[in-house]
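**Q** got a predicted structure plus its sequence, pasted below:
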Amino acid sequence: MTPLIIALDNMNCSQALSVADTLDPLECRVKVGKELFTREGPEIVRQLQSRGFDVFLDLKFHDIPHTVAQAVLAAADLGVWMVNVHAQGGLAMMKHAADRLREGHYDTRLIAVTVLTSLSQEELNASGIPGSLEAHVRHLAGLTRDAGLDGVVCSAREAAMVRETAGKEFLKVTPGIRPAFAVSDDQHRIMTPVDALAAGSTHLVIGRPVTRSDNPMDAVRRISEEIAAG
Ligand SMILES: O=c1ccn([C@@H]2O[C@H](COP(=O)(O)O)[C@@H](O)[C@H]2O)c(=O)[nH]1
């Protein structure tokens, strides 16, 4: 199955569906984030699923354990392929959500965000977290593995280190991917698709380089070609 997940950001329901209609669910999955879900609600997820797409619901839940577990179950009831929480919410929060999903025999993958790819070392320290960004990602990835989740969101720059910490099967879902033809936008810790896969990313999240293109499917194909050419 393809490693590509296309982020449907900066659009409403009809725009998202127009983009989705140019994409092939065999060549990419799609990600519904805070903006699209807040505008359109669960119906946008159902619409995308009815077109054959696996949906990653990227709402990054961060709250007390009971609230997060209930939100994760609500996402799983929607039948999403993947949902996420913030690892910063702590071991108990993540474990409670993972346990509830397991008890319910859901198929939905649960992953946790480590350090946002838009953050730099300086910004992380300025937010009150001392030490190196890599050490913090490693710590949160270990916590996520111990809580029984399926993987993390991290930068591809940290994928090899996360593989070393949590193993090959542990998912490394990496945004901040910029193909050779794209600009970096507000992302700080970026990598190309080829380098990200070589570093151990299992899934590549790509938004603007595809959705801003006049022909999103063509952009997906160019990325796939970049990957195939290695
Ligand atoms: O650390 C993170 C976590 C999530 N994201 C999300 O991924 C996409 C990236 O979009 P681009 O347009 O390719 O920059 C976006 O939806 C973010 O909310 C992330 O970038 N970093």
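**A** Now that the structure is in, tell me what you want to look at. What you are looking at is a predicted structure, and each value in this text was computed from that prediction instead of being measured.
**Q** and the residue of the chain at minimum distance from the ligand, what pLDDT?
**A** Minimum separation of the chain from the ligand (C-beta to the nearest ligand atom) falls at G207, amounting to 2.6 Å. All C-beta spots, glycine's among them, are computed from the backbone N, C-alpha and C. In the predicted model, G207 carries a pLDDT score of 97.
**Q** go ahead and confirm it touches A7.
**A** Yes - applying C-beta atoms under 8 Å, one finds G207 in contact with A7, separated by 3.3 Å.
**Q** spell out which residues are contacts of both of those two.
**A** Contact criterion C-beta atoms under 8 Å, 6 or more residues apart in numbering; residues bridging G207 and A7 by contacting each: K31, P175.
**Q** so which residues of the protein form helices?
**A** With DSSP state H as the criterion, the chain has helices at 13-22, 34-40, 42-50, 65-77, 91-103, 121-126, 133-146, 159-166, 193-199, 208-211, 216-229.
**Q** what residues does the closest residue in space to L124 that isn't next to it in sequence make contact with?
**A** Excluding the flanking residues, the one nearest L124 by C-beta to C-beta, 6 or more residues apart in numbering is L133, at 5.1 Å. Each residue near L133 by C-beta under 8 Å, 6+ apart is listed here: V115, L119, S120, Q121, L124.
**Q** write the PyMOL selection for whichever of the residues you listed are buried.
**A** To isolate the buried members of those in PyMOL, using 16 or more other C-beta atoms under 10 Å:
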select buried, resi 115+119+124
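**Q** ok, so of the contacts of L133, who is nearest N215?
**A** L119 (31.8 Å; C-beta to C-beta).
**Q** list the contacts of that closest one.
**A** Counted by C-beta under 8 Å, 6+ apart, L119 has contacts S127, L133, H188, R189.
**Q** name the residues of this protein found near the ligand, please.
**A** Contacts of the chain with the ligand, taken as C-beta under 6 Å from any ligand atom, map to 7, 9, 33, 113, 116-117, 153, 175-176, 185, 187, 205-208.
**Q** repeat that with 8 Å
**A** With the criterion set to C-beta under 8 Å from any ligand atom, the chain comes near the ligand through 7, 9, 31, 33-34, 58, 60, 113-119, 153-155, 175-178, 185-187, 205-211.
**Q** quick one: which of the residues you listed sit in strands?
**A** In strands, defined here by DSSP state E, the members of the residues of the chain next to the ligand are A7, K31, G33, D58, K60, V113, V153, V205, I206.
**Q** what subset of those residues is buried?
**A** With neighbours counted by 16+ other C-beta under 10 Å, these contain buried members at A7, K31, G33, D58, K60, V113, V153, V205, I206.
**Q** out of those, what pair is the most spread apart?
**A** K60 and I206 (17.8 Å).
**Q** pLDDT wise, what is A156 at?
**A** For A156, the predicted pLDDT is 98.
**Q** enumerate every residue touching the nearest residue to it once chain neighbours are set aside.
**A** Distance criterion C-beta to C-beta, 6+ apart; nearest residue to A156, sequence neighbours excluded, is A196 at 3.5 Å. Residues in contact with A196 (C-beta under 8 Å, 6+ apart) are A156, A159, T174, I177, L204.
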